[in-house]
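**Q** with the input below, show me the fold.
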Amino acid sequence: MHEALYGERGFYVRPGSGGPAAHFRTSVHASPLFAGAVAGLLRQVAAALGHPAELAFVDVGAGRGELASGVLEAYGDDGLTVYAVEKAPRPDGLDARVRWVAEPPAGVEGLLFANEWLDNVPLDLAEADDAGVPRYVLVSPDGSERLGEPVTEEDADWLRRWWPLSAPGDRAELGAARDAAWSAAVGSLARGAAVAVDYAHAAGSRPPAGTLTGFRDGREVRPVPDGSCDLTAHVALDACAAAGGEPYRLLTQREALHELGVRGTRPPLALASTDPAAYVRQLAGAGEAAELTAAGGLGDFGWLVHWAGVRPDTVNPGLLPHVH
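**A** Residues are numbered from 1 along each chain as shown. Next up, the predicted model:
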């Protein structure tokens with residue numbers, strides 16, 4: 001999975017791939033309201049930190065810098081340093097104020113935001129054999145599979161805690177690598193908040209066949225690890241939460257965006273008579289907000305919010321202070 005996504009000819013780094021936006025649509029691409037909401041969250045963080053002289057916004061898994069650019073525009077650059085964390089080369093035309101880096105910067109104060117990053121952190125698959133023993137699933141470049149050795153004790157411990165396999169043929173996506181990646185991302189902050197937004201599932205409702213799939217040119221395809229398609233699997237976000245340490249909060253995107261003021265409320269019909277242009281603008285915004293918060297769609301995404309180096313009970317009410 002690592003080679004297929006990030007190797008020399010990997011899906012995310014090879015020239016001409018067009019970036020993630022050419023193959024699938026995220027909340028960032030759905031509406032500028034999303035970047036505006038993230039900028040609002042950044043203002044909450046800045047206030048909680050006492051408005052530090054050097055405030056950072058760190059966009060992890062930045063794609064082609066769409067969210068980083070949108071937050072910079074919505075927030076303004078007064079005292080703000082924006083980092084776009086991505087393995088691919090810096091895209092042409094990106095705002096020169098956005099710093100393009102391969103890893104999250106260490107020791108900054110501000111907001112780290114990972115939108116649909118964890119689902120692309122490489123992982124291994126496990127499947128219970130006929131005797132119920134979890135074994136690694138070995139995959140060839142053409143996508144053919146066979147069972148390999150039993151999982152290590154470390155992965156077996158993770159399975160027992162987070163994703164028990166109850167019957168032969170049951171599969172799990174082993175999340176220890178993602179737990180470690182998220183813990184490191186949270187730990188990169190000196191003070192501030194870290195947020196992961198992704199497809200997610202929780203203990204007690206894991207899909208028995210797993211979720212690994214592929215995307216190419218806007219269509220779901222067979223997950224062949226040859227670099228020709230995106231490889232993605234939903235995230236055990238509750239396991240990542242435990243790895244990142246307390247305090248944290250788990251909620252849906254619908255809940256989070258509602259708290260940040262993004263709601264799909266239609267404007268009053270009377271506005272169509274008094275100010276038709278404003279009515280059309282507000283109606284379009286309501287439609288975009290409805291898509292971002294829709295049940296059964298983007299609104300079901302999980303949000304994991306972590307504080308780092310700040311006592312949540314010392315900040316103003318809002319999205320962030322809630323403690324697990």
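**Q** can you show me the strands along the stretch 51-200 of the chain?
**A** 55-60, 80-85, 98-101, 108-115, 124-128, 134-139, 145-150, 171-174, 189-198, 200-201 (DSSP state E, counting those that start in this stretch).
**Q** who does the third one touch, helix- and strand-wise?
**A** What that stands for is strand 98-101. Packing contacts for strand 98-101, counted by 3 or more C-beta pairs under 8 Å, 6 or more residues apart in numbering; DSSP states H and E, involve helix 66-75, strand 80-85. Bear in mind the C-beta positions are built from the backbone N, C-alpha and C, glycine included.
**Q** what strands line up against the last one, and which way round?
**A** Taking DSSP bridges as the criterion, strand 80-85 forms sheet pairs with strand 55-60 (parallel), strand 98-101 (parallel).
**Q** report the backbone C-alpha coordinates of the shortest one in CSV.
**A** What follows is the C-alpha trace of strand 98-101 in CSV, where atoms were taken according to Å, rounded to 0.1, in the frame of the first residue of the first chain:
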residue,chain,number,x,y,z
VAL,A,98,1.9,28.6,1.9
ARG,A,99,4.9,26.6,3.0
TRP,A,100,5.1,23.2,1.3
VAL,A,101,6.7,20.5,3.6
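**Q** pLDDT of that strand, averaged?
**A** With pLDDT averaged residue by residue, strand 98-101 scores 97.
**Q** okay, domains of this protein per the record?
**A** 2-123+175-264+298-314, 124-162 (automatic domain parsing).
**Q** out of those domains, which gets nearest to P168?
**A** domain 124-162 (5.0 Å; C-beta to C-beta).
**Q** all helices for this protein, in order.
**A** All helices of the chain, identified by DSSP state H, fall at 2-6, 27-30, 32-48, 66-75, 153-162, 176-187, 237-244, 253-259, 271-274, 276-292.
**Q** list the buried residues of the second one.
**A** Read that as helix 27-30. Applying a neighbour-count criterion of 16 or more other C-beta atoms under 10 Å, one finds S27, V28 buried in helix 27-30.
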